[in-house]
Each structure stands twice: as structure tokens, then as C-alpha cells.
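S.K.: missing the sequence, but the structure's below:
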């Protein structure tokens, strides 16, 4: 599946106003949400705005997982990219339920925003839910090699 990230309305502003939203010194998380979630509402600003996250169990934990290898790097004089290592959940003791949205956020506070959202990715672009990940199998979010976000001025 090839999917692109959709940034929340405030994200571009936060990048441009130098609030350091994407500095890799912060903690970044990715969480999974069902098709009943409001994750696609671009007016969402913080993690607390989101609804219908998967419940803890079978390899998934509410709040999502922490991204590793987060980098904000210069690509060219006018371009930068935000990237991280691919993220993997392993189903254990049952299936990780079907999901629709993978949401990336900062897990700390940036300019008085607690858990500011970055963007979301559709699990399946048909549109449909990504199927449950059955016991012992892995669910891998593989980011684009060009970066999760590429900013050009």
C-alpha cells in the first residue's frame, strides 16, 4: 500500500512559525484509530482531540508506539525532510484489530500544546479498514524513503 501523510491544519503553520514542532529531540508516537475515529478532521490539534483509538491488547498499547531514529535533515539548500525508522507491532495472544488511521504526533508539549498532532495516514486507500493483524504476525508501517514529511521553501 502506498499512502501519503495528510497534515493537520495547524501543522504547516507550526512548521513555518519555527515552533520546533518537528525537532527530533522530542518524542514522537504513532497511534492506530478505527474507521469510527475523527482522525481525518483536519481541525484536530492535539492527541486529546482524537476518538476511537484501538484498545490496549494483543500487541497494541493505547497511546501508540514511540518512533525511533527520528531525523530532521537538510536535503538541499531549500528542502528538509522529517523521517524515522519503520515501526513494527507484533500481534501476541490474539489479533491487533482492524484500523483505518495511523496518527503521528509529538508526545510532549510544544508551545503549550500537549501532544500536538502532526498528520495521519490512511491504512487502506480503497477506502476500507486495514485488516486485523493475526496472532504472531507483524504490522509494519514503512515510511517513504524520501521522508515522512518533505518541506520545500
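M.R.: Yep, that arrived. Since this is a predicted model, take the numbers as computed values, not measurements.

S.K.: Please name the nearest non-neighbouring residue to the residue most central in space within the chain.
M.R.: The chain has residue 104 as the residue nearest its centroid, 2.1 Å off, counting by Cα atoms, centre = their mean. Counting by Cβ to Cβ, 6 or more residues apart in numbering, residue 118 is the residue found nearest to residue 104 once chain neighbours are left out, at 4.4 Å. C-beta: built from backbone N, CA, C; applies to glycine.

S.K.: ok, that neighbour - how many residues close by?
M.R.: Number of residues near residue 118 (other Cβ atoms under 10 Å) recorded here: 23.

S.K.: How is residue 12 assigned, secondary-structure-wise?
M.R.: Secondary structure, DSSP: H, G, I helix; E, B strand; the rest coil: residue 12 is helix.

S.K.: Okay, now the sheet partners of the helix or strand harbouring residue 105, with direction.
M.R.: Residue 105 is part of strand 101-106, with elements assigned from DSSP states H and E. Strand 101-106 pairs in its sheet with strand 28-33 (antiparallel), strand 117-122 (antiparallel), by DSSP bridges.

S.K.: In CSV, list the ones you listed along with distance to residue 77 and mean pLDDT.
M.R.: Formatted as CSV, those follow (distance: least, Cβ to Cβ, whole Å; pLDDT from 0 to 100):
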stretch, distance to residue 77, mean pLDDT
strand 28-33, 26, 98
strand 117-122, 24, 95
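
S.K.: Turn these into a markdown table, columns for distance to residue 89.
M.R.: Shown next, in a markdown table, are the strands paired with strand 101-106 (distance: least, Cβ to Cβ, whole Å):
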| stretch | distance to residue 89 |
| --- | --- |
| strand 28-33 | 8 |
| strand 117-122 | 15 |
